[in-house]
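S.K.: show me the folded form of this:
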Amino acid sequence: MRKTSNHSEKCEKISLKKCVGICKTYNELQTKFAKRLEEDENVVSFECNVPIEDEKLSDGVYTTDFVIHTANGDVAVRECVFRKNIMKMKTAKLLDVSREYWLVKGVKDWGIVIDAKQ
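M.R.: Numbering: from 1, shown residues only. Purely as a prediction, here's the structure:
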């Protein structure tokens with residue numbers, strides 16, 4: 001998840017066939033995962049940076065990293081988190097809000113993408 005008003009972050013725009021619109025990624029983890037989704041034959045399409053509208057996020061508008069549409073008609077959500085940030089209180093709060101938000105929307109396949117251990 002990321003805050004939409006953070007304009008200081010570097011954005012990479014990638015044209016991928018399965019991505020709805022231009023795929024905008026903000027770090028190497030997101031870029032690698034987007035390319036992995038593009039190659040996955042079970043993925044029909046995916047969206048990047050989908051806004052979450054939740055009153056618990058009172059300090060701004062946040063987005064979910066990936067909403068994935070699969071060949072069997074299911075929808076999955078993935079949030080990209082760096083290992084070094086996983087235990088931070090703010091990160092945990094945002095992940096909880098995302099999970100709850102998408103659960104209410106009927107998405108049961110929610111998960112986290114974490115960078116490789118170094």
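
S.K.: which SS state does I68 fall under?
M.R.: strand (DSSP: H, G, I helix; E, B strand; the rest coil).

S.K.: can you pull out the helices in the chain?
M.R.: 28-39, 89-104 (DSSP state H).

S.K.: nearest to I114, of those?
M.R.: I114 sits nearest to helix 28-39 of all these, at 8.1 Å, using Cβ to Cβ. C-beta: built from backbone N, CA, C; applies to glycine.

S.K.: by contact count, what packs against the closest one?
M.R.: Under the contact criterion of 3 or more Cβ pairs under 8 Å, 6 or more residues apart in numbering; DSSP states H and E, helix 28-39 touches strand 12-14, strand 23-25, strand 43-52, strand 62-70, strand 75-81.

S.K.: now V43, which residues is it bridged with?
M.R.: With beta bridges defined as DSSP bridges, V43 has these partners: T70.

S.K.: can you count the residues close to it?
M.R.: 18 (other Cβ atoms under 10 Å).

S.K.: for the one 10 residues further on, same thing?
M.R.: If you count neighbours by other Cβ under 10 Å, E53 ends up with 8.

S.K.: got the contact list for it?
M.R.: For E53, the contacting residues are V61, by Cβ atoms under 8 Å, 6 or more residues apart in numbering.

S.K.: coming back round to it: format the helices and strands packed on helix 28-39 as JSON lines; extra columns: mean pLDDT and distance to L103.
M.R.: JSON lines is the format used below for the helices and strands packed on helix 28-39 (pLDDT from 0 to 100; distance: least, Cβ to Cβ, whole Å):
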{"stretch": "strand 12-14", "mean pLDDT": "91", "distance to L103": "29"}
{"stretch": "strand 23-25", "mean pLDDT": "92", "distance to L103": "25"}
{"stretch": "strand 43-52", "mean pLDDT": "94", "distance to L103": "12"}
{"stretch": "strand 62-70", "mean pLDDT": "95", "distance to L103": "12"}
{"stretch": "strand 75-81", "mean pLDDT": "97", "distance to L103": "9"}
